[in-house]
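Asks: how would this look folded up:
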Amino acid sequence: MAEILSDVQMETPQQIIDIDRVGVRNIEYPISVRDKTRDVQPTIARISMYVSLPGIFRGTHMSRFFIILNKHRGLITQDILKSLLEEMMLELQAQSAQIEIRFPYFIEKEAPISGMKSLMNYECGFFASLNQTKVFEQYFEVNVPVLNLCPCSKEISRFGAHNQRSIVTVRICSRKLIWIEDIIDLVEGCASSPLYSLLKREDEKYVTEQAYNKPRFVEDVVREIAYNLDRFGRINWYEVESENQESIHNHNVYASIRKTCSS
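Replies: Model (predicted):
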């Protein structure tokens, strides 16, 4: 006969206070995501899963997060996030649930002159939440490193201008599928120059000169990206952030735009 074990999590705590979020963080887990070129792309995600916890329960059943995640192995898309959150709320007797899925996404890029190919990685993520009134919210995030050349430096210097490596973050809540690749292309087109994993000398010359001929303030970048996102026609809301890692100042510069789009 199996031994009956106590369920300590179901005990009444000393302080009966509701907890907004409790769960597991940074689970490293193999997933596949949609790839515009190759259909699907395998990658390793860092997944965080949370639920609310009523004050009458001492703790939540952490192992159930892993059980639920294992049921949804394979292709992870925004299409399954709502059903996954519903299962989390049901199994853990919660009134709300949230999930964060962060992963590296790889794109093969050609150097602009030599044509040499290499893989470039971009940090991406899917995020979703579901509350007790069944309000479901989700968005995805793409982080794109780019090169920007300072317009002010170019204008006032007799020769040269200082460059800044920039990280542009785009968050989008969309009504239809938007490819990660399309957002990366959009962002790179709004910067002074894209970045590459592999460049030969002739490529370095091209990238340097391209950036010099296309100077961009951090403000220019977020405005141009927002201008292009307004024309997608499939977006509920978006947020664009750009942070320049300054090369001649002991600080970074930052700009952001958030907008709710009309139907």
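Asks: Relative to Pro151, how far out is the spatially most central residue of the chain?
Replies: Most central residue of the chain, judged by C-alpha distance to the mean C-alpha position with Cα atoms, centre = their mean, is Glu141 at 2.7 Å. Here the distance between Glu141 and Pro151 works out to 28 Å (Cβ to Cβ, to the nearest Å). C-betas here are computed from N, CA, C, even on glycine.
Asks: With Ile68 instead?
Replies: 50 Å.
Asks: between those two, who's got more neighbours?
Replies: Set side by side, Ile68 and Pro151 show unequal neighbour counts under other Cβ atoms under 10 Å, the larger going to Ile68 at 19 against 15.
Asks: Which stretches in the stretch 101-250 of the chain count as helices?
Replies: With DSSP state H, counting those that start in this stretch as the definition, the stretch 101-250 of the chain shows helices at residue ranges 151-156, 180-190, 201-212, 218-229.
Asks: Could I have the CA atoms of stretch 244-253 written out in PDB?
Replies: Extracted in PDB, the C-alpha atoms of stretch 244-253 (Å, rounded to 0.1, in the frame of the first residue of the first chain):
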ATOM      1  CA  ASN A 244      23.000  53.700 -27.800                       C
ATOM      2  CA  GLN A 245      26.100  52.300 -26.000                       C
ATOM      3  CA  GLU A 246      28.100  55.500 -26.300                       C
ATOM      4  CA  SER A 247      31.700  55.400 -27.400                       C
ATOM      5  CA  ILE A 248      32.900  58.900 -26.300                       C
ATOM      6  CA  HIS A 249      30.600  59.500 -23.300                       C
ATOM      7  CA  ASN A 250      30.400  57.700 -20.000                       C
ATOM      8  CA  HIS A 251      26.700  57.100 -20.300                       C
ATOM      9  CA  ASN A 252      24.200  55.600 -22.800                       C
ATOM     10  CA  VAL A 253      21.400  57.500 -24.600                       C
END
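Asks: Okay, and the beta partners of the closest residue in space to Thr260 that isn't next to it in sequence?
Replies: Distance criterion Cβ to Cβ, 6 or more residues apart in numbering; nearest residue to Thr260, sequence neighbours excluded, is Trp237 at 4.6 Å. Assessed by DSSP bridges, Trp237 has beta-bridge partners Cys173, Thr260.
Asks: go on, the one 4 residues further on?
Replies: Using DSSP bridges, the beta-bridge partners of Glu241 come out as Thr169, Ser256.
Asks: Appreciated, that's everything.
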